[in-house]
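Asks: Pasted the sequence and its predicted model underneath.
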Amino acid sequence: MESCWRSRTLRVARWGVFSALSVIGSFFPFPSPVGTIAFDSFPGYLAALYFGALDGAIICGVGHLATAIVHGFPLGFWHFPITLGMAAVGAIIGIVHKIISRSWGFAPATAAGIVTNTALFPLAVPVMGWLGALLLVPFLAVASTFNGILAILIFIAIRRRKILVEG
């Protein structure tokens, strides 16, 4: 019974640490038409790669919500569906990485996350219109790629050294 509580405690603590990293990343936005494209996703991508789909989903969702709060909800209510979309991005990365568990499985998993993240652009249509939402695509793709590359680099370094505690 005690190990069950220890495992849950470690997971919640992990969520707190990675969510805090997402909040910090939200203060480093990419130049874009909306201010909510930032370095908030890389902790979620990293958590998905290292700990799995649930951790990745929670951290990516919290990361987007934190960024929306920090930047004043420029897309209004639509940040809530985007938060769910970002949670799906984290889950997809974790699921694909688990399915392709070879040594380089992190690359297609991260690529799937980048594509899914970029594909969320229609969620901005009600606020920005189709043209405005389509203009977001290159910004989303570049930012998600940078977030993904940073997560991969840290994942490789951690995997080599076995730094994080798995619980």
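Replies: Sure, I can see it. Remember, predicted model here, so these are calculated numbers, not experimental data.
Asks: Could you use CA atoms for every contact and neighbour count after this?
Replies: OK.
Asks: which residues sit against stretch 150-166?
Replies: Here stretch 150-166 makes contact (Cα atoms under 8 Å, 6 or more residues apart in numbering) with 42-43, 45-46, 49-51, 106-107, 110.
Asks: One more: stretch 140-149?
Replies: Identification of contacts with stretch 140-149 by Cα under 8 Å, 6+ apart yields 30, 37-42, 45, 110-111, 114-115, 117-118, 121.
Asks: And for stretch 20-33?
Replies: By Cα under 8 Å, 6+ apart, stretch 20-33 touches 35-44, 59-60, 62-63, 66-67, 70, 136, 139, 143.
Asks: and if we set it to 6 Å?
Replies: Applying Cα atoms under 6 Å, 6 or more residues apart in numbering, the contact partners of stretch 20-33 are 37-40, 43, 63, 66-67.
Asks: tally of neighbours for the nearest residue to P81 once chain neighbours are set aside?
Replies: Excluding the flanking residues, the one nearest P81 by Cα to Cα, 6 or more residues apart in numbering is L123, at 7.3 Å. For L123, the neighbour count with other Cα atoms under 10 Å is 19.
Asks: Need the pLDDT of L123.
Replies: pLDDT, L123: 91.
Asks: Now it: phi and psi?
Replies: phi -70, psi -20 (degrees, to the nearest 10).
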